[in-house]
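Asker: I'd like to go over a predicted model; first the sequence, then the structure.
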Amino acid sequence: MQRVCDMGLDKQIFILAGVGPLRSAGAAEFMRTKVPGVHIPDEIMERLKAVPKNKQRAEGKKICVEIIQQVRELPGIAGVHIMAYRQEELVAEIVEEAGLLPRPWRADVPHAARERHIPRTHGTH
């Protein structure tokens with residue numbers, strides 16, 4: 001992210017961090033080995049494996065909330081995209097537990113309508 005900010009890209013585009021709850025250690029292992037672009041650190045894998053299988057989903061949600069709280073403090077991040085594939089019912093809980101509502105105001109993230117105009121590149125005359 002530092003390089004993105006150094007290049008000024010964070011002032012030209014909105015960057016969303018994609019995060020999601022992990023259903024289980026098995027699901028996390030599948031994602032980290034079979035889904036391109038997904039990075040799940042060893043520490044997260046060990047944390048999931050350390051809890052009983054019937055509690056791994058709750059631990060995965062807790063990890064997701066913690067990551068959101070960390071990522072939202074990074075300079076240049078405009079928000080998060082919560083990807084809860086087949087766990088959509090958790091999204092409202094994650095949003096609430098992560099403290100995303102009411103939407104926090106950050107001085108380093110301009111409001112699109114007020115601060116800058118990102119031109120459309122297609123479909124306009």
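Answerer: All right, it came through fine. Numbering: from 1, shown residues only.
Asker: How far off centre is stretch 50-62?
Answerer: Relative to its parent chain, stretch 50-62 has a centroid offset of 19 Å by Cα atoms, centre = their mean, to the nearest Å.
Asker: what about the longest helix in this structure?
Answerer: In the chain, with assignment by DSSP state H, the single longest helix is helix 56-71.
Asker: how about stretch 24-41: buried residues?
Answerer: Ser24, Ala25, Ala27, Ala28, Met31, Arg32, Ile40 (16 or more other Cβ atoms under 10 Å). C-betas here are computed from N, CA, C, even on glycine.
Asker: Distance check, the most centrally placed residue in the chain against Met83.
Answerer: By Cα atoms, centre = their mean, the chain has its centre lying nearest to Val19, at 3.1 Å. Here Val19 is placed at a distance of 7 Å from Met83 (Cβ to Cβ, to the nearest Å).
Asker: that older thread, show me the contact partners of the longest helix of the chain.
Answerer: Helix 56-71 is contacted by residues 17, 19-25, 27-28, 44, 47-48, 51, 77, 80, 82, 87, 90, 93-94, 97-100 when judged by Cβ atoms under 8 Å, 6 or more residues apart in numbering.
Asker: List only those of the residues you listed flagged as buried.
Answerer: 17, 19-25, 27-28, 44, 47-48, 51, 77, 80, 82, 87, 90, 94, 97-98, 100.
Asker: where does the closest residue to Leu100 other than its chain neighbours land on pLDDT?
Answerer: Spatial nearest neighbour of Leu100, chain neighbours left out: Ile68 (7.1 Å); criterion: Cβ to Cβ, 6 or more residues apart in numbering. With respect to pLDDT, Ile68 has a value of 95.
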